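**Student:** model this:
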Amino acid sequence: MRRDRHANRRTYNSKDVLTANTVSVTLAAGNYTATGATLLSNYVLPTAATGAGTITVAPLTAAVIGTPTKVYDGTTAATLAPANYALTGFVTGEGATVTQTAGTYNSKDVLTANTVSVTLAAGNYTATGATLLSNYVLPTAAIGAGTITVAPLTAAVIGTPTKVYDGTTVATLAPANYALTGFVTGEGATVTQTTGTYNSKDVLTANTVSATLAAGNYTATGAPC
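**Tutor:** Numbers count the residues shown, from 1 in each chain. Take a look at the predicted model:
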């Protein structure tokens, strides 16, 4: 009786998942250990063996990196580039890029938006070098940090505020005297600051009104701002 103890070399017929289906082994006399009263010298010991074998796909992980950032636009849509993805799990010298450009913030609002998630399909991966993507389990999702920055607004005094000369530069304003631009569709605010300043106290030279505004001078309208 004989027993194969250690193979000198075990080799798949291919390195790739789809084509690897057999394993061959080179054997030497030192790879056999007799059992019981067996004398291996009574036998011609095989120098090779072959049989079925498989290679299973290697798992990959995907993450969103680089903190994708956009200016507030009232939506959760995130725009990504290949540089916003990190793929780990490839063997040395292999890799891929991700071409999915559409992601989703966890919130549309500046204060609560802190992550971006992405749904991935096989078609979103492009192999680099000689990489065969069939050797890997391609991630179907990725997530990472993301931010939304505040959108700039502009304010103007409109309606040409007018008063009778009273020897001061004090101007009295109403919400209708303000125009705010920069809001996304469906959002807005009114301004409650009623005090402004003329550039002059005199009739002939007074031609502009300025107002100083603080956060407390704004009242949101429509959807939450």
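**Student:** which residue is the nearest non-sequential neighbour of the residue nearest the centre of the chain?
**Tutor:** Most central in the chain under Cα atoms, centre = their mean is residue 64, positioned 3.4 Å from the mean C-alpha point. Nearest non-adjacent residue to residue 64, counting by Cβ to Cβ, 6 or more residues apart in numbering: residue 144, 3.0 Å away. Where C-beta positions appear, they are placed from N, C-alpha and C, glycine not excepted.
**Student:** what's the neighbour count on that neighbour?
**Tutor:** Here the number of neighbours of residue 144 (other Cβ atoms under 10 Å) works out to 20.
**Student:** in the lowest-mean-pLDDT helix or strand in the chain, what counts as buried?
**Tutor:** One helix or strand of the chain scores below all others by mean pLDDT, DSSP states H and E: strand 9-12, with a mean of 87. Buried positions in strand 9-12, judged by neighbour count with 16 or more other Cβ atoms under 10 Å: none.
**Student:** one more: stretch 103-123?
**Tutor:** Within stretch 103-123, the residues that count as buried by 16+ other Cβ under 10 Å are 103, 104, 105, 108, 113, 115, 116, 117, 118, 120.
**Student:** which two among the residues you listed are spaced furthest apart?
**Tutor:** 108 and 120 (22.4 Å; Cβ to Cβ).
**Student:** unless I misread the structure, residue 148 falls within a strand.
**Tutor:** Yes - assessed with DSSP: H, G, I helix; E, B strand; the rest coil, residue 148 lies in a strand.
**Student:** looking at it now. What's its pLDDT?
**Tutor:** Per-residue confidence (pLDDT) for residue 148: 98.
**Student:** give me the domain ranges for this structure.
**Tutor:** 9-52, 58-149, 154-222 (automatic domain parsing).
**Student:** the shortest one spans what distance, first to last residue?
**Tutor:** Using Cα to Cα, to the nearest Å, the span of domain 9-52 from its first residue to its last is 16 Å.
**Student:** same thing with the longest one?
**Tutor:** Here the two ends of domain 58-149 are set 38 Å apart, with distance taken as Cα to Cα.
**Student:** got phi/psi on the residue nearest to the centre of the chain?
**Tutor:** phi -90, psi 130 (degrees, to the nearest 10).
**Student:** what about the nearest residue to residue 103 once chain neighbours are set aside, neighbour count?
**Tutor:** Excluding the flanking residues, the one nearest residue 103 by Cβ to Cβ, 6+ apart is residue 78, at 3.7 Å. When neighbours are counted by other Cβ under 10 Å, residue 78 registers 23.
**Student:** list of residues touching the helix or strand that contains residue 78?
**Tutor:** Using DSSP states H and E, residue 78 sits in strand 77-79. Residues outside strand 77-79 that contact it (Cβ atoms under 8 Å, 6 or more residues apart in numbering) are 68, 70, 101, 102, 103, 104, 105, 116, 118, 146.
**Student:** residue contacts, the closest residue to the first one other than its chain neighbours?
**Tutor:** Using Cβ to Cβ, 6+ apart and skipping residues adjacent in sequence, the residue nearest residue 68 is residue 146, 4.6 Å away. Contact criterion Cβ under 8 Å, 6+ apart gives 64, 67, 68, 69, 78, 103, 105, 113, 114, 115, 116 as the residues in contact with residue 146.
**Student:** one more pass at 6 Å, please.
**Tutor:** Counting by Cβ atoms under 6 Å, 6 or more residues apart in numbering, residue 146 makes contact with 68, 78, 105, 115, 116.
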